[in-house]
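> quick check, what structure comes out for this input:
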Amino acid sequence: MKINFIMTVGIATALAVTSAISFGAEKEKSGAANKSSADAAFIKKAANGGMTEVELGKIAAKNGQKDDVKSFGERMVKDHGKANDDLKSIASKMNVDVPDKVNAKHQAMIDKFSKMSGESFDAAYVKAMVKDHQKDIAEFESAKGEVKNEDLKKFIDDTVSVMKEHLEMAQKMEGAKK
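The predicted structure is shown next:
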């Protein structure tokens with residue numbers, strides 16, 4: 001009787017351990033950190049936008065005519081570079097691949113601005129930054145209701161507050177140019 005009880009406990013323990021290992025492997029495969037298709041889509045879109053902001057910021061620092069445009073570009077490189085790093089870290093925990101280069105649409109924008117300089121660059125860049133930050137803020141706020149991962153939701157909150165500062169700065173520059 002004792003042997004049957006010990007064998008039953010042993011078998012039950014083995015089954016429980018096997019189930020736990022199997023469950024852990026399934027969680028790992030599916031991106032244990034609460035990954036959804038909305039999360040992955042947001043990460044890819046945000047990464048494209050963030051990398052574009054960094055590249056355009058570098059161009060602004062180099063090709064801008066006015067000091068405020070140049071310093072704004074430097075700020076874009078710094079802030080969006082940090083956001084990109086944060087996003088990569090979250091994506092890694094979620095087993096989501098982050099693009100390593102911008103898509104064709106964003107590359108076309110980078111190429112367009114890289115050919116510009118001086119006053120025409122300043123005006124076009126500032127106008128694009130106002131429009132882009134307005135659009136991005138709205139998209140991030142909308143995505144917050146769709147994504148599932150809590151780290152991603154916090155990233156959205158943190159990034160939106162920074163983008164609102166950027167928008168305010170760009171709007172002031174735009175107003176000063178009129």
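
> output the below-cut-off pLDDT ranges for this protein.
Scanning the chain for pLDDT under 70 picks out 1-35, 177-178.

> what do you get if the cut-off is 90, keeping everything else the same?
1-36, 175-178 (pLDDT under 90).

> what segments of it are helices?
In the chain, the helices defined using DSSP state H lie at 2-29, 37-63, 67-93, 104-114, 118-144, 150-177.

> mind putting these into a markdown table with mean neighbour count?
(C-beta placed from N, C-alpha, C; glycine too.) Converted to a markdown table, those look like this (neighbours: other CB atoms under 10 Å):
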| stretch | mean neighbour count |
| --- | --- |
| helix 2-29 | 10 |
| helix 37-63 | 20 |
| helix 67-93 | 18 |
| helix 104-114 | 14 |
| helix 118-144 | 17 |
| helix 150-177 | 16 |
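
> can you pull the contacts of the residue nearest to the spatial centre of the chain?
When CA atoms, centre = their mean is applied to the chain, the residue found nearest the centroid is residue 46 (3.9 Å). Contact analysis of residue 46 by CB atoms under 8 Å, 6 or more residues apart in numbering lists 87, 140, 159.

> kindly report the same for residue 121.
Residue 121 sits next to 59, 60, 63, 64, 65, 69, 113 when contact means CB under 8 Å, 6+ apart.

> now with 6 Å?
residue 63 (CB atoms under 6 Å, 6 or more residues apart in numbering).

> gap between it and residue 68?
From residue 121 over to residue 68 the distance is 13 Å, taken as CB to CB, to the nearest Å.
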